[in-house]
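[1] Need a 3D model of the sequence below.
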Amino acid sequence: MKNQFKNILFLWLAIAMLACSDLEEEPVGLLAPETLFKTPSDVEVAIFGAYGMISTERLYGRQFVSALMLRSDMVDIGDRGTPAERQQVNDFNMDANNGMVSVFWPYWYQTISAANAAISGAESLDLSDEEINPLLAEARFIRAFSYYHLVRVFGDIPYIDYFITEPEAVQDIAKTPASEVYQGIIADLEFGKQWLPDQHDGNIRSRATKGTAASYLASVYLTLKDYQKAYNEAKWVIDNRSRFDYALEADFQDLFRAEKADNLKEHIFAIDFLGLQGAAGGLDDDIMGPMTGIRGSDNDGWSVLVPSLAVFNNWDDSDYRKAVSFDDSITVGGVLTPYTEFANTQRPHIAKYTRYPGNAGGATRNSDHNYSAMRYAEVLLIAAEALTEVSGPNAEALSYLNQVRARARNWAGVQTDFPQDIPSGLSKDQFIEAVLNERRLELAFEYKRWYDIKRRELGVEVFRGNSSLEPHPNFDPSRDYLMPLPQVDLTINPNLRPQNPGY
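    As a prediction, this is how the structure comes out:
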């Protein structure tokens, strides 16, 4: 799929006019969907372009996902020589001019604009529902996926669900309440659950399916604390796992082997990078390997995103997932060197994205990874958490959690006895805590932890509590659950005010 849309990404960059800071710069004038879209194939090309914009340095290649990692209690700054904008995100002292936000905020809106263009183009073709609704559903999924990230990071945001034909149309746009944004996300995902296919040709996981839409509905409802609906959607995915060809991979390490990325049954939705194919403007440029890699190693990473030593020490050595997730030694000039002797940051580093990058460049940049945005293990954990909130920690909820733990006992083909099944008899609060901790370990460094901290309002506990893995005594729950809107956009368009509290 990737090769089909490389050449058209520049088209979508040209028509993606939602970055407010650009609206007063040389407007490109009227764009008419009927002149751009003639066939369903044209719509599909536009959809591929929207997917491609997610797999860029601005979003899943570095900037956005790095911000999510730094905001969590699982990843700290390693080399303090890294730019101040990253340290500000990590240290909870960012302001409205933060450079990371100014990069990924407009790019999410450009992705949304590309999806809206595909939707408008599809609707202009006047075809039957059976012909065009599957493509409409795919474009609407991309829009929902983008807004789901934006609303969790920023709260109230501009919500635009139409194709912009003239830049002036959004010069005065105002923010939409987060509750209304969620309504739009849910409507798009419900349409996707109805009209997307069960599988795509080749069973690729970088395009949305019915199972993808339902899995994200489960996640959205979990975030909104509508636990019955979250359970219903997760249970529907679990009950239809054979239909969608979903399963836990036997070996946890295989989830992070780029050479196996295209054939993983556990991936429900993945962001596809193509090795050594980075292009201008950050297109297909995966930099997570260098950001998490070890400076001074034979691969010579940058030691930027490095867990605190407490994260490593707190994780039981008997857990295979710890061995997969960390490098605690490296080869330097052919000599195995422990982390206590690393040249720059003397802590174990994240290994998920550097150990098996496939066809990659120096410092494992431009890897072949397919980054998991949603996998079947998470659906099981959503079902366990949501069902417990509805009915308490019953046998069904236990079974979902223990399926994930049972897979973790497979240590590269050798069965172990750790982690043991969670026993029955826990209170509701104890079981919810067990599920959240399982998510923390199972999904470590996969850009999920910050969202869990936010939706469960755990910030004071995990950053200021006695057992904090990454203490930040300045964490302020009245401010820090949201990031600031870019100040340049508020200056150009006062209708986007007020700024988020505390910035």
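[2] how about low-confidence regions in the stretch 201-350 of the chain?
    Of all residues in the stretch 201-350 of the chain, none has pLDDT under 70.
[3] which element is the most centrally placed residue in the chain on?
    Note on the chain: the residue nearest the mean C-alpha position is residue 373, at 4.9 Å, using Cα atoms, centre = their mean. Here residue 373, judged by DSSP states H and E, is contained in strand 370-375.
[4] State the mean pLDDT of that strand.
    Taken as a whole, strand 370-375 has a mean pLDDT of 96.
[5] if we can go back for a sec, ok, and the closest non-adjacent residue to the residue nearest to the centre of the chain?
    residue 269 (4.7 Å; Cβ to Cβ, 6 or more residues apart in numbering). Quick note: C-beta positions are derived from backbone N, CA and C, even for glycine.
[6] what kind of secondary structure is that neighbour in?
    With DSSP: H, G, I helix; E, B strand; the rest coil as the basis, the three-state label of residue 269 is strand.
[7] That one bridge partners, please.
    residue 374 (DSSP bridges).
[8] Contacts for the helix or strand just after the strand holding residue 373 next, please.
    Downstream of strand 370-375, the first helix or strand assigned by DSSP H and E is helix 376-391. Residues outside helix 376-391 that contact it (Cβ atoms under 8 Å, 6 or more residues apart in numbering): 215, 218-219, 221-222, 225, 227-228, 230-231, 234-235, 237-238, 241, 246-248, 265-266, 268, 394, 396-398, 400-401, 403-404, 407, 428, 431-432, 435-436, 438-439, 442-443, 448.
[9] what about 6 Å?
    215, 218, 222, 227-228, 230-231, 234-235, 237, 246, 248, 266, 397, 400-401, 403-404, 431-432, 435, 439, 442 (Cβ atoms under 6 Å, 6 or more residues apart in numbering).
[10] which parts of the helix or strand harbouring residue 148 are buried?
    Using DSSP H and E, residue 148 maps to helix 129-154. Residues 132-154 are the ones in helix 129-154 that count as buried (16 or more other Cβ atoms under 10 Å).
[11] quick check: angle from the strand holding residue 373 to helix 376-391?
    With axes from the mean of the first three to the mean of the last three Cα atoms, to 10 degrees defining the directions, strand 370-375 sits at 20 degrees from helix 376-391.
[12] what's strand 370-375 packed up against?
    Where contact means 3 or more Cβ pairs under 6 Å, 6 or more residues apart in numbering; DSSP states H and E, strand 370-375 is packed against strand 267-272.
[13] One more pass at 10 Å, please.
    Judged by 3 or more Cβ pairs under 10 Å, 6 or more residues apart in numbering; DSSP states H and E, the packing partners of strand 370-375 are helix 129-154, helix 210-223, strand 267-272.
[14] Quick check: which of these is nearest to residue 113?
    helix 129-154 (9.5 Å; Cβ to Cβ).
[15] Let me see the contact set for residue 485.
    Taking Cβ atoms under 10 Å, 6 or more residues apart in numbering, we find residue 485 in contact with 20, 96, 101, 105, 154-158, 175, 496-500, 503.
[16] Out of the residues you listed, flag the one nearest to residue 279.
    Of those, the one sitting nearest to residue 279 (Cβ to Cβ) turns out to be residue 105, at 21.9 Å.
[17] that older thread, wait, the residue nearest to residue 373 sits on residue 374?
    Yes. Residue 269 is within contact range of residue 374, at 4.5 Å (criterion: Cβ atoms under 10 Å).
[18] Identify the contacts common to those two.
    Shared contacts of residue 269 and residue 374, counting by Cβ under 10 Å, 6+ apart, come down to 145, 205, 208, 211-212, 215-216.
[19] Derive a ChimeraX selection command for the buried subset of those residues.
    Buried members of those, defined by 16+ other Cβ under 10 Å, are picked up in ChimeraX with:
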select :145,205,208,211,212,215,216
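[20] All the helices of the stretch 351-500 of the chain, in order from the start?
    376-391, 395-408, 428-442, 449-455, 459-464, 487-492 (DSSP state H, counting those that start in this stretch).
[21] Just say which of the ones you listed is most tucked in.
    Across the helices of the stretch 351-500 of the chain, averaging neighbours per residue (mean count of other Cβ atoms under 10 Å) puts helix 376-391 on top, at a mean of 24.
[22] okay, the angle between that one and helix 428-442?
    Computed by the same axes, to 10 degrees, the angle between helix 376-391 and helix 428-442 is 170 degrees.
[23] number of nearby residues for residue 310?
    Residue 310: 16 surrounding residues under other Cβ atoms under 10 Å.
[24] Which residue, other than its chain neighbours, is closest to it?
    residue 469 (4.5 Å).
[25] The one you found: neighbour count?
    21.
[26] Number the chain from 49, please
    Sure, I'll start counting at 49 from here, so that last one is residue 517.
[27] residues in contact with it?
    Residue 517 touches 120-122, 124, 355-363, 488, 510-511, counting by Cβ under 10 Å, 6+ apart.
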